[in-house]
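[1] no letters, just coordinates:
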Ligand SMILES: [Zn+2]
Ligand SMILES: [Zn+2]
């Protein structure tokens, strides 16, 4: 489902940071405890945040138990910030999900990663050319959208974890405008938002300018997220000048 109105104004979108990791994610700084995240969000003028810890296949449904713990902590915090307790879930192959449907439906915000190719459990396509990876990513995203499991796709189309093609920009350059547009529209029709992921955009500005332009023209919903692993990355306003330049927004 969608959590805010449709807008392509980045100043508006910067009121919602919908991709933040806590210490439940191994890759997050140890300072990422809920009380301090909420304090940083207040200082950053955020109205809503989403906690999106990774689920690990070997601890398959741990994010559900973590939600209970985060809820307990949240009850003791006095704040006006709306806190969604979700997860960054994984579809690690076409139609493959690392979490159970019960876990998925217990979360406030279901953000699906579809391109964590650096993880050892991720299934790579047989055809390891840029087009092979494009078709693989499109098929994974398509199945996630149809599954009804996702509220948003995390850093969709991002290729930085693909090492088989040399420069990863050759992968995103191989997506056609029609492929991007058709999938974005399909997601919107299924109530799935498309992430504007700050580090992904910075790492592949040419592609993400295209992505934003196509989505804006098609009228889809974008959710902004900084993929914060450190407290100082919670405030989205610091990224706006650069994002506006890259996206032409
Ligand atoms: Zn991710
Ligand atoms: Zn993340």
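    That came in fine, so what should we check first? From a predicted model like this one, the values you see are computed outputs, not experimental measurements. Ligands and ions are numbered 1, 2, ... in the order given.

[2] ligand 2 contacts on this protein?
    Taking CB under 5 Å from the ion as the test, the list of the chain residues beside ligand 2 reads 88, 227. Quick note: C-beta positions are derived from backbone N, CA and C, even for glycine.

[3] what's the mean pLDDT across the strand ranked longest in the chain?
    Among all segments of the chain classified by DSSP state E, the strand with the greatest residue count is strand 82-90. Averaging pLDDT along strand 82-90 gives 97.

[4] now do stretch 173-183
    pLDDT averaged over stretch 173-183 gives 98.

[5] ranges for the helices of this structure?
    With helices called from DSSP state H, the chain shows them at 10-13, 34-43, 62-75, 101-106, 130-147, 169-172, 177-189, 198-203, 205-218, 240-247.

[6] how close does the residue nearest to the spatial centre of the chain sit to ligand 1?
    Central residue check for the chain by CA atoms, centre = their mean: the C-alpha nearest the mean position is that of residue 154, 2.1 Å away. Applying CB to the ion, to the nearest Å, the value for residue 154 to ligand 1 is 5 Å.

[7] what is the neighbour count of the residue in the chain that ligand 1 sits nearest to?
    Per CB to the ion, the residue of the chain with the smallest distance to ligand 1 is residue 113, at 4.4 Å. One way to gauge burial is a neighbour count; for residue 113, by other CB atoms under 10 Å, it gives 26.

[8] is it bridged to anything, and to what?
    Partner residues in beta bridges with residue 113, using DSSP bridges, are residue 90, residue 154.

[9] how about the residues of this structure by ligand 1?
    Residues of the chain lying near ligand 1 by CB under 5 Å from the ion: 113, 154.

[10] so what's the residue in the chain sticking out farthest from the centre up against?
    Distance from the centre of the chain peaks at residue 76, with 27.6 Å (CA atoms, centre = their mean). With contacts defined as CB atoms under 8 Å, 6 or more residues apart in numbering, residue 76 is in contact with no residue.

[11] any idea of the pLDDT on it?
    Confidence score, pLDDT, at residue 76: 96.

[12] count the residues that sit near the closest residue to residue 20 other than its chain neighbours.
    With CB to CB, 6 or more residues apart in numbering as the measure, residue 228 is the residue that lies nearest to residue 20, at 4.6 Å, once sequence neighbours are left out. When counting by other CB under 10 Å, one arrives at 26 neighbours for residue 228.
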